[in-house]
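Asks: Next comes the sequence, and after it the predicted model I'd like to discuss.
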Amino acid sequence: QKIFLDTTRLLAGKTNNLLQELWNYIEDGKIIQSAVLLLAAQEQIRGGSSSKINGSSKKNGFDLISKCIMRLSFSLRWEKGSHGMVPELLEERKALTDCAWLLVDVISYAGENLSAYIQAHSESCLKKTCPSLSKKIVLTSTEN
């Protein structure tokens, strides 16, 4: 778990326009990918990123993404299937948009604590299941 998040964090750090990539995941209904990116790159999204999305530039990417989700949610609620979108698909998009907004809100609020929990839990599990590997990982990480 932790290694996957660390890898995603490194990749996010090298990604140009991270907020646009996150928005693409959200717009495409990729909730799990959005969750991983939000959790792994929250520090960058929180304030280290001055990426632009929809022509706007802000320091807190969580606020910016929330506003984009809100606009998408409003447009979907006004849609009523008039542009050829099947009613079932429209309802699914509304539900995914609501889930995305909730996800952004929760990680914005509790993401740092969640990351700390994952870090502590992952290290604890590793020490219990494979003590010799745990020592090698600790030694390797302290060398860098």
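Replies: Structure's in. What do you need? All of these numbers come straight from a predicted model, not from anything done at the bench.
Asks: nearest residue to the residue nearest the centre of the chain other than its sequence neighbours?
Replies: Closest to where the C-alpha atoms of the chain average out (CA atoms, centre = their mean) is residue 38, at 1.8 Å. Nearest residue to residue 38 in three dimensions, chain neighbours excluded: residue 107, at 4.5 Å (CB to CB, 6 or more residues apart in numbering). To be clear about C-beta, it is placed using only N, CA and C from the backbone, and glycine gets the same treatment.
Asks: isn't there a strand covering that neighbour?
Replies: No. Applying DSSP: H, G, I helix; E, B strand; the rest coil, one finds residue 107 to be helix, outside a strand.
Asks: Quick check: residue 19 touching residue 62?
Replies: No. Between residue 19 and residue 62 there is no contact under CB atoms under 8 Å: 9.7 Å.
Asks: what is in contact with those two at once?
Replies: Here residue 19 and residue 62 have residue 45 as joint contacts, going by CB atoms under 8 Å, 6 or more residues apart in numbering.
Asks: higher neighbour count, these two?
Replies: residue 19 (25 against 20; other CB atoms under 10 Å).
Asks: Please consider this matter closed, and thank you.
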